[in-house]
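Undergrad: Build me a structure from this.
(chains A, B, C, D, E and F)
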4 protein chains.
Amino acid sequence: MEPFERRAQILEHAARLFGDKGYHETSISDIIASAGIARGTFYLYFENKRGIFEELVDGLLERLRESIKVVDTSPGAPSARQQLVDNFTRVLELFSEQRDLLSILLKSAVGLDREFDAKLSDFYEKVTDAIESSLKLGHQMGLVRNADTHIAALIGLGAFKEVLQDLLRRDRDDDVDLAALAAEVLDVLSGGMLVQGVKIP
Amino acid sequence: MEPFERRAQILEHAARLFGDKGYHETSISDIIASAGIARGTFYLYFENKRGIFEELVDGLLERLRESIKVVDTSPGAPSARQQLVDNFTRVLELFSEQRDLLSILLKSAVGLDREFDAKLSDFYEKVTDAIESSLKLGHQMGLVRNADTHIAALIGLGAFKEVLQDLLRRDRDDDVDLAALAAEVLDVLSGGMLVQGVKIP
Amino acid sequence: MEPFERRAQILEHAARLFGDKGYHETSISDIIASAGIARGTFYLYFENKRGIFEELVDGLLERLRESIKVVDTSPGAPSARQQLVDNFTRVLELFSEQRDLLSILLKSAVGLDREFDAKLSDFYEKVTDAIESSLKLGHQMGLVRNADTHIAALIGLGAFKEVLQDLLRRDRDDDVDLAALAAEVLDVLSGGMLVQGVKIP
Amino acid sequence: MEPFERRAQILEHAARLFGDKGYHETSISDIIASAGIARGTFYLYFENKRGIFEELVDGLLERLRESIKVVDTSPGAPSARQQLVDNFTRVLELFSEQRDLLSILLKSAVGLDREFDAKLSDFYEKVTDAIESSLKLGHQMGLVRNADTHIAALIGLGAFKEVLQDLLRRDRDDDVDLAALAAEVLDVLSGGMLVQGVKIP
DNA sequence: AATGAATGAGTCTTCATTCAT
DNA sequence: AATGAATGAAGACTCATTCAT
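TA: I've put the predicted structure just below:
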């Protein structure tokens, strides 16, 4: 088998197992048994268990970064709302295709160790920063009302993560309209949960 | 030392270690060294490593459940808004007192194994259900505008979790006005991020 | 079993195996099987395989240092010759009691790795230096004829090592008069191999 | 590349690595990387790791045997002393040219395993025997004073080995007058370290 | 109520060797 | 004559748990 194929094959099996049972519950023995290769072969392609896991997460984070595009406000660009919905939808689609990776990101990669925590924190921080910048811009344009854009950004990120978690809990075969879901989340976040003008009594 | 004292003492040390280094990175050796007890003594009070961890998380979930009170709409009760803010504040305070527990809940307890995942899912599902019921009630009362109360509930939960995560990242000595934070989150969620009447272009 | 007993017991078995088969050919499995203990027990007493080996060699080097005493030239002390013979005899006895350790020192500990080589080199260098100083002193007193005391010191050390090697090759039960052997070596080294006044033609 | 060339090339690289890092610390991977050949190619030329090592040592022992010539006492031959010095010098030169081989012989090949130890012991025993025969002959001729020619032979061998060790420790670029060194060793061994007629007090 | 020595299953990792191409 | 992907036996080490004292 060609090296790149074998590499991909091992990654695939590892992703499924990590996603399914988590990092610690998955042993190298599990991976090689699943992939049908010898023990040594694994170490031919990956430095160690941590290495293959990191590669999976790094790849995922990279694809996530690519999925999230800064809103284009130049004339002729699609509406901002559409672009936001598209961003959300792309991320949702990415995970809906590969539940394993989503599971790894939301479960295994959390609290693995300090080094990994830092990597994840870093990623989320960048995402939060991006959201915050957008909100600040919107604020200057008179669109966004909140002064505390940091908290608002956290809320946006958290909301999105929880929706992903929910996707994970659902049946694999459950057919979900991802674009509609993305639009709904965006609407709730932008318009709030209450009827216009009403306040919680 | 009286049994209940010893038990409490061990739990305390374990909480700090689990919160600090995570479940897998914390060994029984760490715990007994920290608590200053013999190896055998540990097993006199707890069935196993998993047992003490579960006890910590169970206790935490229990206190969380107690912190979250259903909004009292009877006449003479404080305003709904106040009650909601109080709920949020109580939870924030609980964690602010014990960062370790928060860290355990948000990091170590995530993706530990299928059984534990189920326990957490179950808890969060109940919280989501509670939020959803409230939203449905508000909808009937003409206060809440969203039709998809499930998604709205997820958003509320996710937002809150992320704010907790953020608390965790901050400096321990950072003085945060928890009530104000709770109020801010509530406002953003209820009123949305946009200026009233405005839509994303 | 008392910790110090167990420790000694493991050391004993390890010494025999290392001496017999060498460092690399001896596995932890060999040691624990020989000592009749569980795998974990070994690591209760020694950090790792290298650790127990180092402890054996370090202990041996320490005992060697103690065996070799600087010649006492103060009035009333035994004759210099006697003291030298005593030194040699003590070292020979040390090894004759514990062939394993001798074998470890002369075989396993050689060329193990750079770090270990340095440790041994260091020890031998100190021994060489000690011999050299004595020779220089003797030279000043008009006893020693050689100008190049460094080479003479090397010759003395090498001669002695080879005699030890030879002891190792002999049958374990072979009864050797160690004091006589020491005296003989000393005589050859001091008086040379040739008949007095004769030169190699 | 012609088979014999390739073979020689691999041997050369292996010698450098074995000499530098020792047998166990040198892997097949190291050798093929250094020689710039494929893994399979190595096994085309050598049966296994042990095989190439043995070949190197065997070759070295063979060249050593050739370097050491029995003293020719027939009329017209060079003086015995000159022949002995020549012997020593040849061996010193052999190693001075190829430090790696010296290192292999004095470090890696020692204590490798029982089989190899036997091979080395055998070689050294033959050398000792040769020295001993010469000493016995000298004794009969009234030149050599020692009765215990075996010990004297051991001393000679050991002295020489230690001088080689010392050469190994020195800087590679250190310029040493090998013939002078050989003569010095011979003088100390034959005449002893003490001034003629003097005894250790 | 406490101790801590002992256990051993389980895990990761290495590396000499093989063999189909 | 050469390649290099694949193998798997073997080794070191960990750590939750037990149990005699």
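Undergrad: mind listing the strands for chain A?
TA: Using DSSP state E, chain A contains no strands.
Undergrad: Which residue does chain A have closest to chain D?
TA: A:L44 (11.6 Å; C-beta to the nearest C-beta). For every residue, glycine as well, the C-beta is placed using N, CA and C.
Undergrad: quick one: that residue from D:K49, how far?
TA: From A:L44 across to D:K49, the span is 19 Å (C-beta to C-beta, to the nearest Å).
Undergrad: Which one's more surrounded, these two?
TA: Between A:L44 and D:K49, D:K49 has the larger neighbour count (other C-beta atoms under 10 Å in any protein chain shown), namely 18 against 12.
Undergrad: Identify the spatial nearest neighbour of that one, chain neighbours not counted.
TA: D:I28 (5.9 Å; C-beta to C-beta, 6 or more residues apart in numbering or on different chains).
Undergrad: burial of the one you found, as a residue count?
TA: D:I28 has 15 nearby residues by other C-beta under 10 Å.
Undergrad: Spit out the contact partners of it.
TA: D:R39, D:F42, D:K49 (C-beta atoms under 8 Å, 6 or more residues apart in numbering or on different chains).
Undergrad: Pretty sure A:Q83 sits against A:V71.
TA: Yes - with contact defined as C-beta atoms under 8 Å, A:Q83 reaches A:V71; the gap is 4.9 Å.
Undergrad: Low-confidence ranges, chain A, go.
TA: Scanning chain A for pLDDT under 70 picks out no residues.
Undergrad: Kindly list the longest helix within it.
TA: helix A:114-140 (DSSP state H).
Undergrad: Give the buried residues for that helix.
TA: Going by neighbour count (16 or more other C-beta atoms under 10 Å in any protein chain shown), the buried part of helix A:114-140 is A:116-117, A:119-120, A:123-124, A:127-128, A:130-132, A:134-136, A:138-139.
Undergrad: Between all of those, which two are at the greatest distance?
TA: With C-beta to C-beta as the measure, no two of the buried residues of helix A:114-140 lie farther apart than A:F116 and A:H139, at 34.3 Å.
Undergrad: Does chain B have contacts with stretch A:186-201?
TA: Yes - contact of stretch A:186-201 with chain B is found when judged by C-beta under 8 Å from any C-beta of the partner chain, involving A:186, A:188-201.
Undergrad: Pick the one among those closest to DNA strand F.
TA: Nearest to DNA strand F among those, counting by C-beta to the nearest atom of the strand, is A:L189 at 41.9 Å.
Undergrad: shouldn't that closest one be in contact with A:G156?
TA: Yes - in this structure, A:L189 is within contact of A:G156 by C-beta under 8 Å, at 5.7 Å.
Undergrad: between these two, what contacts are shared?
TA: B:M193.
Undergrad: out of those two, which sits in the busier spot?
TA: Using other C-beta under 10 Å as the criterion, A:L189 and A:G156 rank with A:G156 on top: 27 against 23.
Undergrad: can you tell me how far the nearest residue to the more buried one once chain neighbours are set aside sits from chain C?
TA: Distances taken as C-beta to C-beta, 6+ apart place A:I131 nearest to A:G156, at 5.2 Å, with adjacent residues excluded. The gap separating A:I131 from chain C is 49 Å, by C-beta to the nearest C-beta, to the nearest Å.
Undergrad: right, and A:I131 touches A:I151 too?
TA: No - using C-beta under 8 Å, A:I131 is not in contact with A:I151; the gap is 11.1 Å.
Undergrad: Helices of chain A, residue ranges please.
TA: Along chain A, the stretches classed as helices by DSSP H are A:3-21, A:28-35, A:39-45, A:49-67, A:80-97, A:99-103, A:114-140, A:149-169, A:178-191.
Undergrad: Please tabulate those in a markdown table, including the columns distance to DNA strand F.
TA: Converted to a markdown table, those look like this (distance: least, C-beta to the nearest atom of the strand, whole Å):
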| stretch | distance to DNA strand F |
| --- | --- |
| helix A:3-21 | 4 |
| helix A:28-35 | 8 |
| helix A:39-45 | 2 |
| helix A:49-67 | 13 |
| helix A:80-97 | 26 |
| helix A:99-103 | 22 |
| helix A:114-140 | 15 |
| helix A:149-169 | 28 |
| helix A:178-191 | 37 |
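Undergrad: what about the closest residue to A:I200 other than its chain neighbours, how many neighbours?
TA: Distances taken as C-beta to C-beta, 6+ apart place B:R81 nearest to A:I200, at 4.1 Å, with adjacent residues excluded. Counted by other C-beta under 10 Å, the residues lying close to B:R81 total 16.
Undergrad: any idea how far A:A153 is from A:Y124?
TA: Distance from A:Y124 to A:A153, by C-beta to C-beta: 10 Å.
Undergrad: quick revisit: which one of the contacts of D:I28 is nearest chain B?
TA: D:R39 (37.2 Å).
Undergrad: Make sure that closest one is actually in contact with D:I32.
TA: Yes - counting by C-beta under 8 Å, D:R39 touches D:I32, with 5.7 Å between them.
Undergrad: quick one: which of the two has more around it?
TA: Taking neighbours as other C-beta under 10 Å, D:R39 and D:I32 compare with D:I32 leading, 19 against 11.
Undergrad: can you tell me which residues contact the more buried one?
TA: D:I32 touches D:A38, D:R39, D:T41, D:F42, counting by C-beta under 8 Å, 6+ apart.
Undergrad: Name the nearest residue to A:Y124, sequence neighbours excluded.
TA: Excluding the flanking residues, the one nearest A:Y124 by C-beta to C-beta, 6+ apart is A:L157, at 6.6 Å.
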